[in-house]
Every structure is written in C-alpha cells, then in structure tokens.
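Participant: show me how the following folds:
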Amino acid sequence: MNTSQPNRRRFLAGVGAVGAGAVMSGCVTSGTSGGGAQSTSGTVTLQSNISAPQAKTAMQDVVAAYNKRGGAKASLNTVAAETFRTQLPTYLTSANPPDLLTWYPGSVADAYAKKGLLLDVGDIWTKGDLAGYSEALKKLCTDSAGAKVFVPVSYYWWGMFYKKSNFAKWGVQEPKTWDEFTALCETLKSKGVTPIGLGAGSGTPWVASAWFDYLNIRINGAAYHRDLLAGRHRFDDPEVHKVFDKWAEILPYFDPNGTALAFQDATTTLLSGHTGMMLIGTFFVDGAPKGEADDIDFFQFPIIDPKVPVAEEGPTDGYFASARTKHTSEVKDLMTWMAGVESQEIYLKGSTGTTLPTNPRAKDSGTPLVKKGRALIEGAADVTQFFNRDSSDALQPTADTALTKFLARPKEINSILTTWQRDAQKIWSQ
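Facilitator: Have a look, this model is predicted:
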C-alpha cells in the first residue's frame, strides 16, 4: 500500500527507532520452534524473529519487565530470523496462530490484512503514547481499508558500512558521489582488498534487494520506486534497465562469494578486512563481536544524479496480532505497553543500541553511530522501507531470483527482466 509511505521529514516529525526485525517483546520462554506457538490460559504468545544473541536477550528483558507489572502475561518464542521469514504465512493461517508477531508495517502488513489475518487495533491508537505518535507513523500502520493493524517500536537505517580502523590503515576516506565511490573501489582493489561485500547467499538472498532499492531511488527517485513495486511500472521498463547498467559498472568490485555467503558470514569477512565495505542495515551490528561496534562506521549510499531528491531506506519494525487470537484484550494491552517509553528504552539498553525508538519521548543510545544514522534519516527528502516492505512478502522471491541471476550472469539482463516482470505480474494479479 503505497499511500502508507511517508515523506522523510513528516515521518521523523515523531518517530524513533527500529532494528532489523527489531521489535520489543514481552518475554520469558524462548524457543527455536518454527511452528506457530499458541496461547494457553491468559498468556499472550509472542512469536519473535529477533534471534541475534544480544537482541534476543534484550527481548527477554522487555517481556520480563512486562510480566512484572501484574495483570496480563506474555511468553516469548524466538525463531531463527530466516525460518521466521519463510514460515510467517504458515503462522498466520494456522488453526492456532501465535497471538502477536514481530514484523513490518506498510504494504507488507496490508497484504496480510487484505486476507483478514490481522487484528484491528485502532482503539489503542486513540489513547496513551500511541496517540502522540506522528501522523506519518499512524499512516504507515493503517491498512488500505482504513484499519490500524500495527504498532511500531523502532526503526533503523541502511548504509555503506565499514571498519574505521581498516579505512585508516588503507588511507581511504568516505566517498560522497558515484565517481568518488568507484575511485574508492579501484583503490581498495589495488591494495588487494575486495571492495564490496554482499552476503546474499545461504538463506539471505534478500540482501541484494538493498542494491536494487538504492540504485533505483538514486536514479529514478522514491516515487517511481514505490510505483514500480506496486505494479504501476514494469520491471523491463527502460528506467529499470538504467539501474542495472549502473550496477554493472561496479560488479567487478563485488566479492565473488557474495551470493554464497549469508550476510552474517559477510559481516565476518568485512570485520576481518577481507572486504572493504558492505551495504547493510544496522542489524548486522547485533552479530558483531563484542568490542567491535565502536570501530564500525558508515557512509551514505553515493549520490548518482544530484537532481533526484535524496531518499534513504529507513525500515520500521514492530508488531501485528493475529485476527484469530483468543486473547484480544491482553494482546492490545501488551501492544500498548510496547509502544511506551519504558519498553523501548529497556530494549535499547539490552541490545547493541543501534536502532531508534518510535516513541518520540524515548531516548536512543546516543552513540556517535546512532547520531549519524538519525541525521542521515532526518536529512533525507523521503524514506523508503525495503523491497518487500514497500511491496509484499510474496514479491520478494521474484527479486531474489532476478537479482542473484543478474549477479551471476549480468549479460543476460534482458531475459532476466522479462522473466521478473512475468513473475511479478502473477503476484500483482492475485
């Protein structure tokens, strides 16, 4: 639902922070089951994809704090992120679905809402902390039928991340323009360093979509990008060909193992200095060794056409509830608490602190990295979410297939885009 995509400045008029699936949760038990977790008695079951060790612990802290309040209780079931991603439709359509689930607002939530799978929580948006959230966030959490089906708890940003000590050792600096970026790549290559890591293999092919998103919003703009993902343009249009022409310019600088390594392994390769930089979201910091976070920095994805208004990817994370929950009042109580200052600050303290709270009164971690990330988002003219969030979970596999084929066989781009359009049209026509 493209109407949910906010202008960047309006969005930030009242948001806060979100991580990679970052959502706070109510907590106690934690499992690794891939199946739906059903509620028993008055306990709300929260199915969470926040599985990186530090972030998972932070989620447990949040749920423990909720359970100490008295009244409704919550139990946390943590599922490996990629398992969660593939199993989410099964969770939502099962006979006994989890009561509450971590995921994303906007178009991706709307796709599930249209199938009658999400609980309308509009009443909790009229009071308490949620009433003070920005209009842009309210819009982002509203489905195409006008019902509010989501509660956001954090947002984060994407950028070209690198290790400060490595850049210093190599004697290089952050680029701003595309020409400076390609020159940096050439310099790193001359020093025996693979310039660009990827991490689009072993269950995380969706990482490649960030390159498509950013190249498209830099060349064709955010409005065109959203319209394309909604089916109002074609993937074999000339404008999309321009995106791949530009991408092809830098393919020689990509890690040849880019579609073999998962992003977690690509992170290790980056931190070890075997690759120079990586387009990724702040969630990758959750998997970095302790003590490495202070050495991590990022720069803005390079400007390609100065005439195109600058947009950034700022995905928002939070919760939606199953329409089949048997604990409606308890679920709404937990969601209301998740929207508050206390829960969001507990999560930030327990995690790596690289997300930003959506509650306008909640404090972020205040680290140099977070300050720089907030400034990036606040300074943008517009914000996109991410490929599947601006389209649907159903469309994401079409991108995974097309982009990994392009990375392997870039000269076949014409047939790749023709096939992508055909596959996408099947999704849009459903």
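
Participant: all contacts plus neighbour counts: C-alpha atoms, from now on.
Facilitator: Will do.

Participant: what's the first helix or strand after the helix or strand encompassing residue 75?
Facilitator: Secondary structure assignment for residue 75, by DSSP states H and E: strand 73-78. For strand 73-78, the following helix or strand on the C-terminal side (DSSP H and E) is helix 81-93.

Participant: how about that following helix: buried residues?
Facilitator: With burial defined by 16 or more other Cα atoms under 10 Å, the residues of helix 81-93 counted as buried are 81, 84, 88, 91-93.

Participant: how about stretch 308-322?
Facilitator: For stretch 308-322, burial by neighbour count (16+ other Cα under 10 Å) applies to 309-322.

Participant: repeat that for stretch 257-265.
Facilitator: 258-265.

Participant: check stretch 367-376 too.
Facilitator: 369-370, 373-374, 376.

Participant: what of stretch 91-105?
Facilitator: If you call a residue buried by 16+ other Cα under 10 Å, then stretch 91-105 has these buried ones: 91-93, 96-105.

Participant: with stretch 53-61 instead?
Facilitator: The neighbour-count check on stretch 53-61 (16+ other Cα under 10 Å) flags 54-61 as buried.

Participant: swap in stretch 119-127?
Facilitator: Neighbour counts over stretch 119-127 (16+ other Cα under 10 Å) mark 119-122, 124-125 as buried.

Participant: ok so, going back, nearest to residue 332 among the buried residues of stretch 308-322?
Facilitator: When those are compared for distance to residue 332 (Cα to Cα), residue 321 comes out closest, at 8.6 Å.

Participant: can you list the low-confidence ranges for this structure?
Facilitator: 1-41 (pLDDT under 70).

Participant: dump the residue contacts of residue 277.
Facilitator: 160-163, 195-197, 270 (Cα atoms under 8 Å, 6 or more residues apart in numbering).

Participant: select from those the one having the most neighbours.
Facilitator: residue 197 (28 neighbours; other Cα atoms under 10 Å).

Participant: quick one, phi psi at that residue?
Facilitator: The phi/psi pair for residue 197 (degrees, to the nearest 10) reads phi -90, psi 160.

Participant: now do it against residue 264, distance only.
Facilitator: Counting by Cα to Cα, to the nearest Å, the gap between residue 197 and residue 264 amounts to 11 Å.

Participant: number of residues surrounding residue 291?
Facilitator: If you count neighbours by other Cα under 10 Å, residue 291 ends up with 8.

Participant: next: residue 64.
Facilitator: Counted with other Cα under 10 Å, the neighbours of residue 64 add up to 20.

Participant: and the helix or strand containing it, what does it pack onto?
Facilitator: Taking DSSP H and E as the criterion, residue 64 maps to helix 53-67. Contacts defined by 3 or more Cα pairs under 8 Å, 6 or more residues apart in numbering; DSSP states H and E place helix 53-67 against strand 73-78, helix 341-350.

Participant: give me every residue that touches residue 413.
Facilitator: 244, 406.

Participant: tell me the SS of it?
Facilitator: Counting by DSSP: H, G, I helix; E, B strand; the rest coil, the backbone at residue 413 sits in helix.

Participant: try residue 424
Facilitator: Here residue 424 is recorded as helix under three-state DSSP.

Participant: so it makes contact with residue 395?
Facilitator: Yes: taking contacts as Cα atoms under 8 Å, residue 424 lies within contact range of residue 395: 6.4 Å.

Participant: with secondary structure added, can I get the buried residues of stretch 367-376 in CSV?
Facilitator: Shown next, in CSV, are the buried residues of stretch 367-376 (three-state DSSP):
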residue, secondary structure
369, helix
370, helix
373, helix
374, helix
376, helix
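
Participant: farthest pair within those residues?
Facilitator: That would be 369 and 376, which, of those, are the farthest apart (Cα to Cα) at 10.6 Å.

Participant: closest one to residue 50 out of the buried residues of stretch 367-376, please.
Facilitator: Using Cα to Cα, those come closest to residue 50 at residue 370, 19.6 Å.

Participant: residues contacting the closest one?
Facilitator: 353-356, 364.

Participant: redo that, cut-off 10 Å
Facilitator: Listed by Cα atoms under 10 Å, 6 or more residues apart in numbering, the contact set of residue 370 reads 17, 156-157, 282, 297, 353-356, 364, 376.

Participant: so of those residues, which ones are in helices?
Facilitator: Judged by DSSP state H, the subset of these located in helices is residue 376.

Participant: reformat the contacts of residue 370 as TSV; add distance to residue 404.
Facilitator: As requested, those are arranged in TSV below (distance: Cα to Cα, whole Å):
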residue	distance to residue 404
17	31
156	25
157	23
282	23
297	27
353	32
354	29
355	29
356	31
364	36
376	29
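
Participant: picking up where we left off before, now the common contact residues for residue 197 and residue 264.
Facilitator: Between them, residue 197 and residue 264 share these contacting residues under Cα under 10 Å, 6+ apart: residue 270.

Participant: what about the strands in this structure?
Facilitator: Secondary structure of the chain (DSSP state E): strands at 43-48, 73-78, 100-103, 151-155, 158-163, 194-197, 275-281, 296-299, 311-313, 316-321, 356-357, 382-384.

Participant: next, the buried residues of the second one.
Facilitator: Read it as strand 73-78. Result for strand 73-78 [16+ other Cα under 10 Å]: buried residues 73-78.

Participant: which neighbouring elements make contact with that strand?
Facilitator: For strand 73-78, the elements it packs on are strand 43-48, helix 53-67, strand 100-103, helix 328-338, judged by 3 or more Cα pairs under 10 Å, 6 or more residues apart in numbering; DSSP states H and E.

Participant: for residue 211, find the nearest of these.
Facilitator: Across those, the minimum distance to residue 211, taken as Cα to Cα, is reached by strand 100-103, at 21.7 Å.

Participant: give me the number of residues near residue 273?
Facilitator: Residue 273 has 17 neighbours, counted by other Cα under 10 Å.
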